[in-house]
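Trainee: what's the 3D shape of this:
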Amino acid sequence: MPAATTEEIMLELVDENGTTIGTAEKLSAHQAPGRLHRAFSVFLFDTAGRMLLQQRALDKYHSPGVWSNSCCGHPYPGESPLAAAARRTFEELGVSPALIAEAGTVTYHHPDPASGLVEHEYNHLFAGLLRAEPRPDADEVGAVAFVTADELMKRHAEDPFSAWFMTVLDAARPAIRELTGPASGW
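Mentor: Next up is the predicted model:
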């Protein structure tokens with residue numbers, strides 16, 4: 001399937017309960033004040049319990065160059081969040097999780113001061129395991145890093161992160177702890 005421009009990609013608009021109420025073009029859904037739409041965030045871990053972080057490519061239209069969770073995006077209208085998470089993980093990182101599980105949902109409204117765009121999302125969260133090395137698509141991903149919980153906190157204090165990162169991480173922590181075990185520190 002050829003890559004679509006940002007304006008051609010349609011998103012599902014949802015109500016506060018996550019019920020689909022329509023569609024909107026991706027860019028228009030992110031313009032202020034932001035329209036509540038379906039999204040997903042994936043947190044992937046290696047067998048040592050380290051989280052895979054992704055630095056967004058510098059030419060992304062929204063939040064370029066910042067660090068964020070392993071993968072995030074939007075399901076196409078009618079596509080399940082799990083299918084979309086698996087699809088985008090492979091498209092962005094060149095790898096499929098060995099295991100992926102639902103980790104809850106969270107709703108948030110985060111403006112991006114640099115671009116003027118707004119993330120107003122009903123976000124489906126997933127946590128999973130990787131058993132292969134990522135092969136990131138340079139158009140999507142500037143860099144990747146596996147980090148422990150302590151290394152993440154240090155990096156978060158020093159480097160720019162996406163506005164939504166801590167919101168989705170905090171919401172996914174119970175499922176992450178179940179996946180990685182209490183000794184991992186997540």
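Trainee: helices or strands next to the lengthiest helix in the chain in the packing?
Mentor: The longest helix of the chain (DSSP state H) is helix 165-180. Applying 3 or more C-beta pairs under 8 Å, 6 or more residues apart in numbering; DSSP states H and E, we find helix 165-180 packed against strand 37-45, strand 99-111, strand 118-129. Backbone N, C-alpha and C define where each C-beta goes, glycine included.
Trainee: Could I get the buried residue list for the longest one?
Mentor: Applying a neighbour-count criterion of 16 or more other C-beta atoms under 10 Å, one finds Ile100, Ala103, Thr105, Val106, Thr107, Tyr108, His110, Pro111 buried in strand 99-111.
Trainee: residues touching the third one, list them.
Mentor: Thr105 makes contacts with Gly18, Tyr122, Asn123, His124, Leu125, Ala171, as judged by C-beta atoms under 8 Å, 6 or more residues apart in numbering.
Trainee: pLDDT below threshold where in the protein?
Mentor: 1-7 (pLDDT under 70).
Trainee: center of it - which residue?
Mentor: Cys72 (2.2 Å; C-alpha atoms, centre = their mean).
Trainee: Would you write out the PyMOL command that picks the buried residues out of the contacts of Thr105?
Mentor: Of those, the buried ones go into a single PyMOL selection, burial set by 16+ other C-beta under 10 Å:
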select buried, resi 122+123+124+125+171
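Trainee: mind putting the contacts of Thr105 in a markdown table, distance to Ser63 included?
Mentor: Output for those, formatted as a markdown table (distance: C-beta to C-beta, whole Å):
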| residue | distance to Ser63 |
| --- | --- |
| Gly18 | 23 |
| Tyr122 | 18 |
| Asn123 | 15 |
| His124 | 19 |
| Leu125 | 18 |
| Ala171 | 18 |
